[in-house]
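In: what follows is a predicted protein model with its sequence.
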Amino acid sequence: MFVVAPFAERLLIRDLPHLPSDRRAAAVDVVVARVAGLPSVTRAGALLIGIVHRLLLVLPATAPVRDALARVPLPFLGDYPRLVRSLAYASIWERWPDTPVSP
């Protein structure tokens, strides 16, 4: 999914910079598969919100806005990073429980 994968990749790079790239790619694949398996209405909503976040990845000078959205609990927009984070983290710590948490 062109919307979910880049966002998940960037989020994991930011949250877990010491995670090896092969493990990060595997976690991103899990996130993409889980979002693809959501019920149709939920998936459509997640993808619609994901498009907003995807635009923030590709537009210039939006990194501070993107990072703020990833940290604050805004309804809907803030839920997307939490969805991606929860799916990725569950996958990572289920497979590789020794993964270090960055300070």
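Out: Done, it's in.

In: pull the helix or strand with minimum mean pLDDT from this protein.
Out: In the chain, no helix or strand scores lower on mean pLDDT, DSSP states H and E than helix 63-71, which sits at a mean of 68.

In: so G45, which state does it fall into?
Out: Using DSSP: H, G, I helix; E, B strand; the rest coil, the structure places G45 in helix.

In: gap between the nearest residue to it once chain neighbours are set aside and L59?
Out: Closest residue to G45 apart from its sequence neighbours, by C-beta to C-beta, 6 or more residues apart in numbering: F76 at 7.9 Å. The C-beta positions use only the backbone N, C-alpha and C, and glycine is treated the same way. To L59, F76 is 19 Å away according to C-beta to C-beta, to the nearest Å.

In: with R34 instead?
Out: Distance of R34 to L59, given as C-beta to C-beta: 27 Å.

In: higher neighbour count, those two?
Out: R34 (18 against 11; other C-beta atoms under 10 Å).

In: for that one, report the pLDDT, please.
Out: Listed pLDDT for R34 reads 96.

In: which parts of the helix or strand following the least confident helix or strand of the chain are buried?
Out: Beyond helix 63-71 on the C-terminal side, the first helix or strand identified by DSSP states H and E is helix 79-95. Buried residues in helix 79-95, defined by neighbour count with 16 or more other C-beta atoms under 10 Å: 80-81, 83-85, 87-89, 91-92.

In: could you give the number of residues near the closest residue to A36 other than its chain neighbours?
Out: Excluding the flanking residues, the one nearest A36 by C-beta to C-beta, 6+ apart is M1, at 6.3 Å. For M1, the neighbour count with other C-beta under 10 Å is 17.

In: and M1, how far from I51?
Out: Taken as C-beta to C-beta, the span from M1 to I51 is 11 Å.
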